[in-house]
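Novice: the following comprises the amino acid sequence and a computationally predicted model.
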Number of protein chains: 2
Amino acid sequence: AIIHQAAEVFDYDLLTGKHVVITAGPTREPIDPVRYLTNKSSGKMGFALAAAAAEAGARVTLIAGPVALPTPNRVQRIDVVRAEDMHQASLDAVEKGCDIFIATAAVADYRPTVTADHKIKKSTEEIHLTLVKNPDIIAAVASHEHRPFTVGFAAETQDVIQYAQGKLKNKNLDMIATNDVSGSDVGFNSDNNALTVIWPGGHKVLPLASKAQIAKQLVELIAIRQS
Amino acid sequence: AIIHQAAEVFDYDLLTGKHVVITAGPTREPIDPVRYLTNKSSGKMGFALAAAAAEAGARVTLIAGPVALPTPNRVQRIDVVRAEDMHQASLDAVEKGCDIFIATAAVADYRPTVTADHKIKKSTEEIHLTLVKNPDIIAAVASHEHRPFTVGFAAETQDVIQYAQGKLKNKNLDMIATNDVSGSDVGFNSDNNALTVIWPGGHKVLPLASKAQIAKQLVELIAIRQS
């Protein structure tokens, strides 16, 4: 009933005139032409936020890793594969002017130092793969001279709130949304989610609901905090 | 026109009484609860073969890695994640009695030596990942005491035919189907495919067609060679 009310009072003019940039999905870090490192992100939360932001009147740019999801109505989608591509697309969008940046993508933190031109053969007993850090997209956005209101996500399996508070401060974010992905009923690839949203000096719990409903509630929170 | 004819003369009794086991899709080799190594296999060729074998009257067991595909009619599906799970499910199926084994899965050749219980933090500049060989499923099946007619696939980006002939001999296969995945119009995730099918003493080219059509032609070839 509460969720239903939240949907009914959704303000379709909350973000009119704003440009919202959202990253979504996983990235793929290629080892060779067919193999890659990736993660379980489905992109559903980011796509739901893109839809909710567009419904709230924003101009929305959705920078999406490889996911099997249709583009929401009135959303401009930019498809990327690697973290470095997502980093470049994000900075390009911020350069062009962006009011709100929401980083839902589960960006691969590391990439192989080398990508083989041809499929690696099964010739040795062991492979030693050296992985190096990918660029920190949200930190780069939050420290940009034309810094937008910057919202991060933290998907952890332990010490969730504590980790999120650290990330909020260290990366100079305006808001961070956390969910515990160790359970199977929320987070990655689920159609539902439950979030704890933290900002400097406050927090709000968004209880278990569909990702579409959670997205609307988060868009409202962002609009209030950003204005 | 030729493809159309091939479909029209398809014999719906070719594999009656036979148990066909097919592996399909990629495997995922977990690094931690959210990250994994995988590859671009969509599972489409294996699922098309399962459908074609069932249409040809076979009892079909489909051992599938994580893919987003519906189970074909009259096919028993076993879902697996890691190569080791696929290996165990395949040997179980062969133990129980299997006439034809078709390995279309793009099994991860290597897995991380260690899977972390919790999501690895972005704490160090470099990660050194040691990968060890996964069990060779098709070689285990082809050397089993109740050895079925064993069909392999070779998806390579260079020296395709030469590599396939080596694999046919080294792994003691009855047949191998090869496609060159370096082009974008065939192979991984495409709805079309073109194969060169090789067996000891012969070969046949199956020109570009839908995976459903290619699957029917391959099932016919297997039925002829196996009988």
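Specialist: Thanks, I have it.
Novice: could you look up the next helix or strand downstream of the helix or strand hosting A:Thr61?
Specialist: Secondary structure assignment for A:Thr61, by DSSP states H and E: strand A:59-64. Later in the chain than strand A:59-64, the nearest helix or strand by DSSP H and E is strand A:75-79.
Novice: from the contact counts, what lies against that next one?
Specialist: Packing contacts for strand A:75-79, counted by 3 or more CB pairs under 8 Å, 6 or more residues apart in numbering or on different chains; DSSP states H and E, involve helix A:44-55, strand A:59-64. For the C-beta atoms, the positions are set from N, CA and C on the backbone; glycine is no exception.
Novice: which residues of chain A fall in strands?
Specialist: Counting by DSSP state E, the segments of chain A that form strands are A:19-24, A:29-30, A:35-39, A:59-64, A:75-79, A:100-103, A:110-112, A:126-133, A:149-156, A:175-180, A:192-199, A:202-210.
Novice: contacting residues around the first one?
Specialist: By CB atoms under 8 Å, 6 or more residues apart in numbering or on different chains, the residues outside strand A:19-24 that reach it are A:41, A:43, A:45-47, A:49-50, A:53, A:58-65, A:67, A:86, A:90, A:93-94, A:97-105, A:107, A:137, A:148.
Novice: so in that sheet, which strands flank that strand, and in what orientation?
Specialist: Taking DSSP bridges as the criterion, strand A:19-24 forms sheet pairs with strand A:59-64 (parallel), strand A:100-103 (parallel).
Novice: for it, what is the average pLDDT?
Specialist: The predicted model assigns strand A:19-24 a mean pLDDT of 98.
Novice: now do it: distance to the chain's middle.
Specialist: Using CA atoms, centre = their mean, to the nearest Å, the mean C-alpha position of strand A:19-24 is found 8 Å from that of the whole chain.
Novice: tilt between it and strand A:75-79?
Specialist: Strand A:19-24 and strand A:75-79 are oriented at 40 degrees to each other (axes from the mean of the first three to the mean of the last three CA atoms, to 10 degrees).
Novice: shaky segments in chain A?
Specialist: Along chain A, the model assigns pLDDT under 70 to residues A:1-9, A:180-189.
Novice: looking at it, which helix is longest?
Specialist: For chain A, the helix reaching the highest residue count under DSSP state H is reported as helix A:211-226.
Novice: ok, and what's touching that one?
Specialist: Outside of helix A:211-226, the residues that reach it under the criterion CB under 8 Å, 6+ apart are A:3, A:6-7, A:10-11, A:14-15, A:18, A:44-45, A:48-49, A:51-53, A:55-56, A:99-100, A:102, A:149, A:151, A:174-175, A:177, A:190-195, A:197, A:199, A:204, A:206, A:209.
Novice: give the PyMOL command for selecting the buried subset of those.
Specialist: Selection of buried members from these for PyMOL, criterion 16 or more other CB atoms under 10 Å in any protein chain shown:
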select buried, chain A and resi 3+6+10+14+15+18+44+45+48+49+51+52+53+55+56+100+102+149+151+174+175+177+190+193+194+195+197+199+206+209
